[in-house]
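**Student:** One predicted model, sequence on top.
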Amino acid sequence: MEFLNGKGVVYTPLKDVDLGPYSTEFYLQANVKAPRMTGLLVKIFTHLLECPILGTLLLFILKGNNLIHRLITNAEFKESPLFVPLHDFEDLKEKEVKCLDSSLSPPEKVQLALDCLPKSSEETLDGTNSSFCRWTIMDYAKAYYSGDLTPSLVAERFIAAIDESTKPPLQMGFFIHYSADDILKQATESTLRYQRGEPISVLDGVPVAIKDEIDCLPYPTTGGTTWLHKERPCSDDACCVKRLRLCGAILVGKTNMHELGSGTSGINPHYGPARNPYDTNKIAGGSSSGSASLVSAGLCPVALGVDGGGSVRMPAALCGVVGLKPTFERIPHEGVLPLNWTVGMVGILAGTVEDALIVYAAISGEIPYHKTFSVSTKINLPRLSLTKSISDIKLAKYGKWFDDCSDDVRICCTKTLHKLQDHYNWKIIDVTIPEIEAMRLAHYITIGSECSTALDSFKEKNFAELGWDVRVAQSIYGAFSSLEYLKAQKMRNRQLQFHKKIFAEADVIVSPTTGVTAYPIQDDALQTGELDYVNGAALVRYSIAGNFLGLPAVTVPVGFDRLGLPIGLQFIGRPWSEATLIHLAFAMQVICMSEYRKPELYYDLLRRKNSSSNGMSFEAK
């Protein structure tokens, strides 16, 4: 058994590691040794882990069998630890961008973002039109400006749709908290602004959902638990929420999430699973599950999530929408649950790249009066109308890693990447990214240790109220030692140096977003949650560098598997290169959009007032 082998890896000095395409570095696939457990079995396992002596032994065996001892605990590093992935600002001279003045208000930033959009919402780079398109922020604004619809009417339709979605047979699990009265109040205020001809911005009256890890009044912030809001009351909006409110957005409630972000499925035993609109018997992914599902189902053009280990990008890919995770500290973290403070970042889930850009412009930028870190940056917005003129983009691809996924994902992502290359004549550079599995384990130690520490003062009192799967996760998190945390940060420094070398040769790193598509929600997981670390490792396989190294990343839908479930392609960029990533995501979107499909469940909130005899304007198919 692996845990009996006390030897650790002696890592090669950085200068001697070959990152070229013919490197002899061995690609180690995820070595997850943990059976799927739910129901009575997970309860028994939880109690065993919580036994003082037996639990300690079991945790030691688990860490050993899953290579933590060999790759991290007993490993030898030359690097010093890097505790926070905060990057010095570098002006990257990005192509076809507009620079934002940091002193502008959120509505003014949104207006500049509009200037960067293509002239027509139907404009595509290859001249084709989509067979299916979600309503965009601009569609909402045009409907309101024209008088065809009002924010109040859209709010009524939204509430009716949510009411339907909570009942059998759907039980979509979109929200943890929402208030019809508060939604209607915001919508009435927005409607009056349009009637006066004084909308604040194109976001005025647009429904936006917020993950229940982000403070948003008048709602409590639960983090997917039944108790955390009692220990940490919500007294104000998070900074990102304040900025959306200043733009006139209708904040429609707090979306469902995997409890404490401690899982990848989005199955929450307290509030029900967030379901995938493309197949309601499949997971939406986690932990920003409700946000992804809402956007996919057409209920909001955009929602906010928090990405600590792919928690925005994974559900975005599984639900067929865009997911943007900016550079560490690009969006202020003020007012977000401090569950994983060196890897977690506010991210954006949107139906289109254009909508992600608008909200990115609205909420990004440091807080002028309060800086946690002293890094001054500037923000570039991509001029999407000029994306087709960009040349000489270099995309780094690590073939063994890229192909470490299901056949459907591999074939789809390879095919669409070749389409992108052929359309633009952009160059693909073959590279090697060493020690990816070691990085995944180092990230797991980091996010787990930080989550456990953040909850330390509350845990003993409320531990029994956690879902069974999260109790297991918290037991594992609490078993990581200070030595393991320190060595994980050495791996962070090491991986950052590898990525810097790759970015010296390429603009972005390209990969699938997840290793598998959405898998079934099993009935036996509904009451206890589930332990499924094999599927979990496949879902996070391509996400870790974005969080662990503080790099920006974006996923865009590029196709479907044989069952009609969405597949995403991911671009990972240099620090502060969001504009370049959004350019690439837009280029990918317009190449693939003619093949986009309507989800099995989709609500059309912008149907004209007279298009339905009963006045109901949504459709669920």
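**Tutor:** Happy to help now that I have it.

**Student:** For the closest residue to residue 398 other than its chain neighbours, what are phi and psi?
**Tutor:** Spatially, and ignoring its direct neighbours in sequence, residue 398 is nearest to residue 433 (4.7 Å; CB to CB, 6 or more residues apart in numbering). (Each C-beta comes from the backbone N, C-alpha and C, glycine too.) Per-residue torsions, residue 433: phi -110, psi 100 (degrees, to the nearest 10).

**Student:** Distance of residue 433 relative to residue 308?
**Tutor:** 21 Å (CB to CB, to the nearest Å).

**Student:** quick one: which of the two has more around it?
**Tutor:** Using other CB atoms under 10 Å, the more surrounded residue of residue 433 and residue 308 is residue 308, with 28 against 22.

**Student:** So what's the residue count around the closest residue to that one other than its chain neighbours?
**Tutor:** Of all residues not flanking residue 308 in the chain, residue 344 sits nearest, at 3.8 Å (CB to CB, 6+ apart). Applying other CB under 10 Å, we find 25 residues neighbouring residue 344.

**Student:** Please enumerate the strands of the stretch 351-500 of the chain.
**Tutor:** 379-382, 394-397, 427-430 (DSSP state E, counting those that start in this stretch).

**Student:** Setting the sequence-adjacent residues aside, check what's closest to residue 113.
**Tutor:** residue 361 (3.7 Å).

**Student:** same deal with residue 517?
**Tutor:** residue 565 (4.1 Å).

**Student:** got a pLDDT number for the one you found?
**Tutor:** Looking at residue 565, its pLDDT reads 98.

**Student:** Got the phi and psi for it?
**Tutor:** Main-chain torsions, residue 565, degrees, to the nearest 10: phi -90, psi 140.

**Student:** What score does residue 34 have for pLDDT?
**Tutor:** pLDDT, read off for residue 34, is 85.

**Student:** Distance of residue 405 relative to residue 336?
**Tutor:** Distance, residue 405 to residue 336, by CB to CB: 31 Å.

**Student:** can you check residue 81 too?
**Tutor:** 24 Å.

**Student:** just residue 506 next, same as before
**Tutor:** 31 Å.

**Student:** who's more crowded, the two?
**Tutor:** Neighbour count, other CB under 10 Å: between residue 506 and residue 336, residue 336 has more, with 24 against 20.

**Student:** correct me, but that one touches residue 306?
**Tutor:** Yes - the pair residue 336 / residue 306 is scored as a contact, 6.1 Å apart, by CB atoms under 8 Å.

**Student:** Name the residues contacting each of those two.
**Tutor:** Counting by CB atoms under 8 Å, 6 or more residues apart in numbering, the residues touching both residue 336 and residue 306 are 213-214, 344, 346.

**Student:** can you tell me which of those residues are in strands?
**Tutor:** residue 346 (DSSP state E).

**Student:** Would you pull up how far the helix or strand of the chain with the lowest mean pLDDT lies from the middle of the chain?
**Tutor:** Within the chain, no helix or strand scores below helix 456-462, which has a mean of 89 by mean pLDDT, DSSP states H and E. Averaging C-alpha positions (CA atoms, centre = their mean, to the nearest Å) puts helix 456-462 27 Å from its chain's average.

**Student:** before we move on, what about stretch 75-93?
**Tutor:** 22 Å.

**Student:** Please tell me how far the residue nearest to residue 308 sits from residue 386.
**Tutor:** 33 Å.

**Student:** Which residue comes closest to residue 37 once chain neighbours are left out?
**Tutor:** residue 531 (4.3 Å).

**Student:** give me phi/psi at that neighbour?
**Tutor:** Dihedral pair for residue 531: phi -100, psi 110, per degrees, to the nearest 10.

**Student:** Tell me how many other residues crowd it.
**Tutor:** When counting by other CB under 10 Å, one arrives at 22 neighbours for residue 531.

**Student:** Please verify my assumption that it contacts residue 471.
**Tutor:** No - under the criterion of CB under 8 Å, residue 531 makes no contact with residue 471, lying 10.4 Å away.

**Student:** how about the helices of the stretch 401-550 of the chain, start to end?
**Tutor:** In the stretch 401-550 of the chain, helices defined by DSSP state H, counting those that start in this stretch lie at 407-424, 436-454, 456-462, 468-478, 482-503, 533-540, 544-548, listed in chain order.

**Student:** Not counting the last one itself, show me its contacts.
**Tutor:** It refers to helix 544-548. 85, 307-310, 313, 325, 343-345, 436, 439-440, 442-443, 446-447, 492, 495, 499, 509, 551-553, 572.

**Student:** Please repeat the previous calculation with a cut-off of 6 Å.
**Tutor:** Helix 544-548 is contacted from outside by 308-309, 325, 343, 439-440, 443, 492, 551, 553, 572, using CB atoms under 6 Å, 6 or more residues apart in numbering.

**Student:** top of these by neighbour count?
**Tutor:** Ranking the contacts of helix 544-548 using other CB under 10 Å puts residue 325 first, with 34 neighbours.

**Student:** List the contacts of it.
**Tutor:** Residue 325 sits next to 307, 312, 345, 347, 546, 553 when contact means CB under 6 Å, 6+ apart.

**Student:** Closest one of those to residue 247?
**Tutor:** Using CB to CB, residue 347 comes nearest to residue 247 of the contacts of residue 325, at 17.9 Å.

**Student:** My read is that that closest one contacts residue 312, right?
**Tutor:** Yes - the criterion here is CB atoms under 6 Å, and residue 347 meets it with residue 312 at 3.4 Å.

**Student:** what do these two both touch?
**Tutor:** Counting by CB under 6 Å, 6+ apart, the shared contacts of residue 347 and residue 312 are 305, 325.

**Student:** More neighbours: the two, which one.
**Tutor:** More crowded of residue 347 and residue 312, by other CB under 10 Å: residue 312, with 35 against 30.

**Student:** and the more buried one, how far is that from residue 350?
**Tutor:** Counting by CB to CB, the gap from residue 312 to residue 350 is 10 Å.

**Student:** Equivalent analysis for residue 149, please.
**Tutor:** Relative to residue 350, residue 149 is positioned 20 Å away (CB to CB).

**Student:** higher neighbour count, these two?
**Tutor:** Per other CB under 10 Å, whichever of residue 149 and residue 350 has more neighbours is residue 350, with 26 against 22.

**Student:** so how far is residue 518 from that one?
**Tutor:** Distance of residue 350 to residue 518, given as CB to CB: 19 Å.

**Student:** now do residue 555
**Tutor:** For residue 555, the distance to residue 518 - CB to CB - is 14 Å.
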